[in-house]
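Engineer: 3D model of this:
(one chain, ligands or ions: 1)
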Amino acid sequence: MTGDSALNVLGISGSLRAKSFNSGALRAARELAPDGMSIDIADISRIPLYNGDVEAEGMPEAVVQIRGQIAAADGLLIVTPEYNYSIPGVLKNAIDWASRPPEQPFDGKPMAIMGASPGGSGTMRCQYQLRQAFIFLNGLIMNRPEVMISGASALFDDDANLTDQSTRERIGTCLEAFADWIRARQTVA
Ligand SMILES: Cc1cc2nc3c(=O)[nH]c(=O)nc-3n(C[C@H](O)[C@H](O)[C@H](O)COP(=O)(O)O)c2cc1C
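Structural biologist: This is a model prediction of the structure:
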């Protein structure tokens, strides 16, 4: 798509937890998307552990599905926790499966990343590790604004809905920049 046509963004949460702060932040992003952007949320819970023997027999259906969703999206938004200063296994596993040839769908894909943590660092170490992985995959992650949500326990309600207004505004601002980022990449494509 080019110009001012509607932007279809795929959102992936790096947490499978029912009351995940990160899934809550992704739901908030879906609500806060600017005019002309819609965000669909992917399900990575059915993706099996990566196994080259399984791959040799054919991509599992859940992998085929997410690869197709990523390929079809104008942009990819990852909202993820940080585990042990790094990328959660369920998310890395999904990325590894989706990255397999032929035609790995991250190549040239406009991307944005966000993360929420009850601690003080707001997932920054995980975010920089994601950026490193996507150098190899040529996923085009927007540099700024960064959204690192620290102290998450005070910002979400009991159902992990994001209630903090300033954090919602930061997400909205990031998504406006992301729309510009996607359109700029489409212009040069
Ligand atoms: C295995 C594991 C490792 C964790 N490591 C970190 C970490 O390195 N940095 C951090 O800020 N929080 C860490 N945490 C705490 C998570 O940020 C916290 O559980 C958070 O709520 C997970 O995100 P979610 O609410 O979206 O599920 C870790 C949690 C788990 C289960």
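
Engineer: show me the contacts for the spatially most central residue of the chain.
Structural biologist: Geometric centre of the chain, nearest residue: residue 78, 1.1 Å, by Cα atoms, centre = their mean. The neighbourhood of residue 78, defined by Cβ atoms under 8 Å, 6 or more residues apart in numbering, consists of 11-12, 14, 91, 111-114, 130. The C-beta positions use only the backbone N, C-alpha and C, and glycine is treated the same way.

Engineer: Show me what from the protein comes close to the ligand.
Structural biologist: The chain comes close to the ligand at residues 15, 17, 20-22, 81-85, 117-119, 121, as judged by Cβ under 6 Å from any ligand atom.

Engineer: So which of those are in helices?
Structural biologist: 21-22 (DSSP state H).

Engineer: Of the residues of the chain next to the ligand, which count as buried by neighbour count?
Structural biologist: Listed as buried from those are 15, 20-22, 81-83, 117; burial here means 16 or more other Cβ atoms under 10 Å.

Engineer: before we move on, back to that, would you convert the contacts of residue 78 into JSON lines that also reports secondary structure, pLDDT and neighbour count?
Structural biologist: As requested, these are exported to JSON lines (DSSP: H, G, I helix; E, B strand; the rest coil; pLDDT from 0 to 100; neighbours: other Cβ atoms under 10 Å):
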{"residue": "11", "secondary structure": "strand", "pLDDT": "99", "neighbour count": "23"}
{"residue": "12", "secondary structure": "strand", "pLDDT": "99", "neighbour count": "24"}
{"residue": "14", "secondary structure": "coil", "pLDDT": "98", "neighbour count": "28"}
{"residue": "91", "secondary structure": "helix", "pLDDT": "98", "neighbour count": "23"}
{"residue": "111", "secondary structure": "strand", "pLDDT": "98", "neighbour count": "25"}
{"residue": "112", "secondary structure": "strand", "pLDDT": "98", "neighbour count": "27"}
{"residue": "113", "secondary structure": "strand", "pLDDT": "98", "neighbour count": "25"}
{"residue": "114", "secondary structure": "strand", "pLDDT": "98", "neighbour count": "27"}
{"residue": "130", "secondary structure": "helix", "pLDDT": "98", "neighbour count": "24"}
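
Engineer: possible to save these as CSV with distance to residue 101?
Structural biologist: Below are the contacts of residue 78 laid out as CSV (distance: Cβ to Cβ, whole Å):
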residue, distance to residue 101
11, 25
12, 20
14, 24
91, 20
111, 19
112, 25
113, 24
114, 28
130, 21
